[in-house]
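> I would like the atomic coordinates for the input below:
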Amino acid sequence: MTLAEAGLLVAAGLGAGLVNGIAGGGSLISFPVLMASGQSALVANVTSTVGIWPGYLGGVAGYRSELAGQRDRIRRLVPVSIGGALVGSALLLTTPEDAFAAAAPFLILFACALFALQPVLAARLRSGSDPGSEVRASRPLLAGVFAASVYGAYFGAGLGVVLLAVLGATVVDLLVRLNGLRGVLALIVNSVALVVFVVAAPVAWGAAGVMAGASLLGGYAGARLARRVPSAVLRVVVVCFGVTAALRLLLS
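Okay, here's the model as predicted:
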């Protein structure tokens, strides 16, 4: 690994952690960078999950004040997240690499669409939110979190946006508190996937190690910045980055 490649991976880890801390979608940065470094789609996907995992930990730390009073809710949803993550990880490991490579650009475009629409989803959440903690629909909440967890373990990009949409549709609470809960669930999903991938998947350990520390710093900073920094420019950059990567995959 050259110094330039290491620098690019550090930047990718920092950027992915920052984006995940703000709203989710950091894999739209780390996954294309890993593929550009010469990794196959499958190796890039599992290495991205391992390498940016610390960013989710940093994000949860940054949202710790918003998590106050949500212990029962977290306790209820963690088993669902674990189950979905196990299913998603198993699906990834049993998917032929050629099939995953063919699906990768479309998964990236799907994640880009979710990330681009996140402000619309957030506006809808704000319009109906209040400081309470009433659950609108128990079964849809559990089913939605399970489905999001399957997707997140299989292909992590956009997981935070999917989770936030599910929580906003099924739980009445302030958006910033839902964002904190989203961070916890995303950490659980990626933790399960990380354990499975470390044991059974082809991780590029050098690249993952370079990204890890930077993603931890980025995740914490993103959670702090989410309270006061406009994210429109960041959103445009990330979506353009992801679309470009998807088009490159489709044309290659």
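> Only C-alpha atoms from now on, for both contacts and neighbour counts.
Noted.
> Gly17 touches Gly26, doesn't it?
Yes - with contact defined as C-alpha atoms under 8 Å, Gly17 and Gly26 form a contacting pair (6.2 Å).
> who has more neighbours, those two?
It is Gly17, of Gly17 and Gly26, that has more neighbours when counted by other C-alpha atoms under 10 Å, with 39 against 32.
> residues in contact with the helix or strand hosting that one?
Following DSSP states H and E, one finds Gly17 within helix 3-22. Contacts of helix 3-22 with the rest of the structure, by C-alpha atoms under 8 Å, 6 or more residues apart in numbering, involve 25-30, 33-34, 37, 51-52, 54-56, 58-60, 62, 160, 183, 207, 210-226.
> Buried ones in that helix, by neighbour count?
5-6, 8-22 (16 or more other C-alpha atoms under 10 Å).
> Which SSE is immediately downstream of it?
Helix 3-22 is succeeded, C-terminally, by helix 27-36 (DSSP H and E).
> What is that next one packed up against?
Contact here means 3 or more C-alpha pairs under 8 Å, 6 or more residues apart in numbering; DSSP states H and E; on that basis helix 27-36 packs against helix 3-22, helix 41-51, helix 97-127, helix 232-251.
> returning to what we had before: tell me the mean pLDDT for the helix holding Gly17?
Helix 3-22 shows a mean pLDDT of 87.
> Enumerate every residue touching the closest residue to Leu34 other than its chain neighbours.
Nearest residue to Leu34 in three dimensions, chain neighbours excluded: Ala44, at 5.3 Å (C-alpha to C-alpha, 6 or more residues apart in numbering). Listed by C-alpha under 8 Å, 6+ apart, the contact set of Ala44 reads Phe31, Pro32, Leu34, Met35, Val203, Ala204.
> Buried residues, the host helix or strand of Leu185. List them.
Following DSSP H and E, one finds Leu185 within helix 175-200. The neighbour-count check on helix 175-200 (16+ other C-alpha under 10 Å) flags 175-194, 196-197 as buried.
> low-confidence ranges in the stretch 51-200 of the chain?
115, 118-119, 121-137 (pLDDT under 70).
> Return the residues in contact with Gly209.
Going by C-alpha under 8 Å, 6+ apart, Gly209 touches Gly51.
> check which helix or strand covers the residue nearest to Leu159 when sequence neighbours are not counted.
Take Leu159 and drop its neighbours on the chain: the residue closest to it by C-alpha to C-alpha, 6+ apart is Gly152, 5.1 Å away. According to DSSP H and E, Gly152 maps onto helix 138-154.
> Check which helices and strands the following helix or strand past that helix sits against.
Sequence order places helix 159-170 as the next helix or strand after helix 138-154, per DSSP H and E. Applying 3+ C-alpha pairs under 8 Å, 6+ apart, one finds that helix 159-170 contacts helix 97-127, helix 138-154, helix 175-200.
> Restricted to buried residues, select the contacts of helix 3-22 in PyMOL.
Selection of the buried residues among those in PyMOL, burial being defined by 16+ other C-alpha under 10 Å:
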select buried, resi 25+26+27+28+29+30+33+34+51+52+54+55+56+58+59+60+62+160+183+207+210+211+212+213+214+215+216+217+218+219+220+221+222+223+224+225+226
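> Between helix 3-22 and the helix holding Leu185, find me the angle.
140 degrees (axes from the mean of the first three to the mean of the last three C-alpha atoms, to 10 degrees).
> mind checking how far the helix or strand just after helix 175-200 is from the chain centre?
Along the chain past helix 175-200, the next helix or strand (assigned with DSSP H and E) turns out to be helix 205-225. Helix 205-225 sits 13 Å away from the centroid of its parent chain (C-alpha atoms, centre = their mean, to the nearest Å).
> and the angle for helix 205-225 with helix 3-22?
Using the same axes, to 10 degrees: helix 205-225 against helix 3-22 is 40 degrees.
> mean confidence for helix 205-225?
87.
> related to what we said a few turns ago, what's the closest of the helices and strands packed on helix 27-36 to Ala68?
helix 3-22 (17.8 Å; C-alpha to C-alpha).
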